[in-house]
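Q: Got a predicted structure plus its sequence, pasted below:
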Amino acid sequence: MNFKDKVALITGAASGIGFATAKKFIEAGAVVAACDVNAEKLEEAKHTLGVKFKTYVMDVTDTKKVGEVVDEIAKDLGHIDVLVNNAGAVRDKPLLENNENDFDFTINVNLKGTYNVTQAVMKYMVKQNFGSVVNVSSIVGVYGSVGQSAYSSSKAGVNVLAKVWAKEFAKYGIRVNSIAPGYVRTPLTANLSKEKIDDIKSKTALGRFAEPVEIANVILFLASDEASYVTGQIIGVDGGMFM
C-alpha cells in the first residue's frame with residue numbers, strides 16, 4: 001500500500017493504536033498530522049517516528065479548537081487525504097454506579113470528538129473530491145458489554161456515523177468506514193485485572209489480545225486505494241470473539 005504524498009490526520013496518535021497506525025502510514029510514505037491532547041506524549045512519539053510525524057495538540061471535545069487545528073494542518077501540509085478518528089476514552093461502571101460526569105466524558109471524547117473532527121476535515125475533502133475516513137470503534141459498539149453503558153453506546157454511535165457519512169459523501173469520492181477491534185494491548189486495557197484478562201482470552205478464538213499493529217494494518221487497508229470499493233462498513237477485528 002502506497003501513501004506517498006498523502007497526508008493522514010490521526011487523533012489519539014501519541015500512544016496505542018494511534019501510534020501504531022501513525023508508524024504504518026509513515027512507513028507507507030505518508031506524512032502524519034498527529035493529534036493528541038497530551039503534548040508531552042506527542043513529543044515522545046515524534047522522537048521515535050521522526051520528521052514525518054507532525055504534532056498538533058488537540059482536544060477533540062473542544063469544537064472551536066478542533067476547527068482551528070484542522071485549518072492549521074491544512075495550511076501547513078496542503079491537504080488532508082485520510083482521517084483516522086482514533087481518540088478514545090473509557091470510564092467503566094455498572095449503570096447504577098455510573099454518574100453523569102463519567103457518562104458525559106465518555107460520550108464527549110468518543111462520539112462528539114469523532115463528529116467534531118470529521119466535520120472540520122470534511123470541508124477540505126469535499127473541495128478535493130477525495131478522501132478516506134476510518135472511525136476506530138469497538139466490538140462492544142456492536143454487541144454491547146456489561147458495565148459499559150457509556151462506552152458501548154458511544155462506539156455504537158461511531159459505527160452509525162460511518163454509515164451516515166458514507167451515504168452523504170460518496171458523491172464526493174469520499175469513503176467512510178468503521179473498524180471494531182476486540183481487546184487490544186494498549187494503555188486503555190493495561191489496568192484490567194488478571195481475572196478479567198483471562199476471561200477475555202477464554203472467550204476469544206485466538207486466545208489472546210490483539211497487538212496495536214494488528215489493528216493498524218486493517219486501518220491502513222481501509223484507508224488505501226486497495227479498499228476503493230469499501231464504504232459504510234463495520235469491520236470487526238476481534239480475534240474471533242464474536243462469530
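A: Sure, I can see it. Numbers count the residues shown, from 1 in each chain.
Q: CA atoms for contacts and neighbours, from now on please.
A: Fine.
Q: What's the local residue count around Glu226?
A: 12 (other CA atoms under 10 Å).
Q: What degree of burial does the residue nearest to it when sequence neighbours are not counted show, as a neighbour count?
A: Of all residues not flanking Glu226 in the chain, Met1 sits nearest, at 7.4 Å (CA to CA, 6 or more residues apart in numbering). Neighbourhood size, Met1 [other CA under 10 Å]: 13.
Q: Met1 and Leu222 touch, don't they?
A: No - counting by CA atoms under 8 Å, Met1 stays clear of Leu222, with 10.5 Å between them.
Q: Gly207 - that's part of a helix, no?
A: No - secondary structure assignment (DSSP: H, G, I helix; E, B strand; the rest coil) places Gly207 in coil, not in a helix.
Q: how near is the nearest residue to it once chain neighbours are set aside to Pro187?
A: Spatially, and ignoring its direct neighbours in sequence, Gly207 is nearest to Lys201 (4.7 Å; CA to CA, 6+ apart). Using CA to CA, to the nearest Å, Lys201 is found at 18 Å from Pro187.
Q: Contact partners for the residue nearest to Glu226?
A: The contact partners of Met1, by CA atoms under 8 Å, 6 or more residues apart in numbering, come to 28, 220-221, 224-226.
Q: show me where this structure has helices.
A: If DSSP state H is used as the criterion, the helices of the chain fall at 16-27, 39-49, 63-77, 100-107, 113-128, 140-143, 149-169, 194-202, 212-223.
Q: So Lys201 and Pro187 - more neighbours on which side?
A: The residue with more neighbours, out of Lys201 and Pro187, is Lys201; 17 against 11, by other CA under 10 Å.
Q: contacting residues around the more buried one?
A: So Lys201 contacts 207-209 (CA under 8 Å, 6+ apart).
Q: Could you save those residues as TSV and add columns showing distance to Asn108, pLDDT and neighbour count?
A: Below are those laid out as TSV (distance: CA to CA, whole Å; pLDDT from 0 to 100; neighbours: other CA atoms under 10 Å):
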residue	distance to Asn108	pLDDT	neighbour count
Gly207	33	94	15
Arg208	30	93	19
Phe209	27	93	18
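Q: and which of these is nearest Leu77?
A: Phe209 (35.7 Å; CA to CA).
Q: my guess is that closest one contacts Tyr183, does it?
A: Yes - counting by CA under 8 Å, Phe209 touches Tyr183, with 5.4 Å between them.
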